[in-house]
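1. Please find the sequence and the predicted model below.
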Amino acid sequence: MSLKHVMELYEIMDSIYVDGEAIKGYLQAINPNVDVTVKTIEGKNGSTDFVKVVLPGKNGKSSGGSAPTLGIIGRLGGIGARPEMVGFVSDGDGALACMASAAKAMDMTLKGDQLEGDVIFTTHICPTAPTLPHDPVPFMDSPVDIGVMNEHEIDPAMDAILSIDTTKGNQVCNHKGFAITPTVKEGYILKISDDLLHIYKQSAGIAPVILPITMQDITPYGNGLYHINSILQPAVATTSPVVGVAITTEAAVAGCATGATHMFDVEEAVRFALEVAKAYGANKCAFYDEQQFTLMESLYGSMKHLQTKGMEV
């Protein structure tokens with residue numbers, strides 16, 4: 001049960017002393033043969049540890065196979081806002097869900113349930129991140145900028161990406177649990193994947209909940225435009241399709257709020273991510289319709305300029 005890993009990792013992450021090595025130690029205690037790397041990066045507001053887990057599949061590309069590779073990114077500013085706030089913050093749910101997904105997938109492999117394709121899990125661990133003013137509630141900031149995050153969290157081997165991010169500080173998705181976004185690829189917001197909708201229904205047991213996104217949300221941070229949050233920032237730095245997995249609430253909750261992590265909601269996101277990993281590696285889950293995307297580009301041209309900060313005004 002993935003809830004076990006969510007709870008155990010929460011206890012590890014809820015500490016001012018936690019770092020990437022602590023997460024690596026937890027994961028390698030499950031399966032020491034899995035590749036887990038930690039890299040500390042210094043930024044203008046401190047440092048953070050990027051954690052990367054590469055889980056080989058039965059027919060994965062890392063072993064010469066042909067199955068597609070899924071990337072699961074835990075997006076966040078930080079898991080703590082100390083000394084301003086005491087404890088694990090709401091924004092940390094992305095890292096918690098990502099690393100719990102890795103832990104459960106590693107445990108599954110030990111029990112004989114190896115996934116077909118490789119899965120790469122990436123996130124970062126910072127218990128002392130700064131905060132940032134935002135409407136309707138404050139954001140978590142990060143010791144490093146979004147470009148550095150994308151550099152260390154996006155692997156070129158990722159053929160498709162799930163970006164898991166706390167998305168509670170808004171007034172447009174009033175649902176307690178998790179929601180998914182339409183697929184974003186190379187500046188286009190595409191039709192929501194029918195395969196992902198089916199997996200949502202099967203794993204959550206309810207009608208799918210969709211997070212509405214706008215053109216502003218899929219542009220890079222730092223351009224002066226409003227963003228619902230950073231859930232789709234990976235989409236500005238890759239040609240692979242990206243879908244956001246938003247952990248949501250009925251009321252607007254600040255990213256820097258403590259005592260705001262709901263274990264069962266995080267666990268739901270973990271189960272969804274793992275079901276997607278099972279299906280995607282087995283070529284049973286398409287993030288987008290390739291023919292429709294080709295037709296759209298032929299009709300309307302490239303939208304890759306939306307992956308840049310645009311023209312100076």
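-> Done, it's in. Just so it is clear, the model here is predicted, and its values are computed rather than measured. Numbering: from 1, shown residues only.
2. any idea how far Glu116 lies from Ser2?
-> From Glu116 over to Ser2 the distance is 19 Å, taken as C-beta to C-beta, to the nearest Å. The way it works is simple: take the backbone N, C-alpha and C, and place the C-beta from them, glycine included.
3. Repeat that for Leu295.
-> Per C-beta to C-beta, Leu295 is found 39 Å from Ser2.
4. Show me the helices in the stretch 1-150 of the chain, by range?
-> In the stretch 1-150 of the chain, the segments counted as helices under DSSP state H, counting those that start in this stretch are 2-13, 20-30, 93-110, 146-153.
5. how about TSV for those helices, with mean pLDDT and mean neighbour count added?
-> Listed next are these as TSV, based on pLDDT from 0 to 100; neighbours: other C-beta atoms under 10 Å:
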stretch	mean pLDDT	mean neighbour count
helix 2-13	97	18
helix 20-30	98	17
helix 93-110	97	26
helix 146-153	94	20
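6. Columns distance to Ile213 on top of those helices, output as TSV?
-> Shown next, in TSV, are the helices of the stretch 1-150 of the chain (distance: least, C-beta to C-beta, whole Å):
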stretch	distance to Ile213
helix 2-13	26
helix 20-30	29
helix 93-110	16
helix 146-153	17
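7. quick one: which of these is nearest Cys173?
-> helix 93-110 (14.5 Å; C-beta to C-beta).
8. Point out the other helices and strands that the closest one packs with.
-> On a contact count with 3 or more C-beta pairs under 8 Å, 6 or more residues apart in numbering; DSSP states H and E, helix 93-110 meets helix 2-13, helix 20-30, strand 46-55, strand 70-75, strand 119-125, strand 160-166, strand 242-248, helix 263-281.
9. what's the angle from it to helix 263-281?
-> 60 degrees (axes from the mean of the first three to the mean of the last three C-alpha atoms, to 10 degrees).
10. and helix 93-110, C-alpha only, in CSV?
-> C-alpha atoms of helix 93-110 as CSV (Å, rounded to 0.1, in the frame of the first residue of the first chain):
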residue,chain,number,x,y,z
ASP,A,93,3.3,17.5,-1.2
GLY,A,94,4.8,17.4,-4.7
ALA,A,95,8.1,16.1,-3.4
LEU,A,96,6.3,13.8,-1.0
ALA,A,97,4.1,12.2,-3.7
CYS,A,98,7.0,11.8,-6.1
MET,A,99,9.4,10.1,-3.7
ALA,A,100,6.5,7.9,-2.3
SER,A,101,5.8,6.9,-5.9
ALA,A,102,9.4,5.9,-6.3
ALA,A,103,9.4,4.0,-3.1
LYS,A,104,6.3,2.1,-4.0
ALA,A,105,7.6,1.3,-7.5
MET,A,106,10.8,0.0,-6.0
ASP,A,107,8.9,-2.2,-3.6
MET,A,108,6.8,-3.5,-6.4
THR,A,109,9.9,-4.5,-8.4
LEU,A,110,11.2,-6.5,-5.4
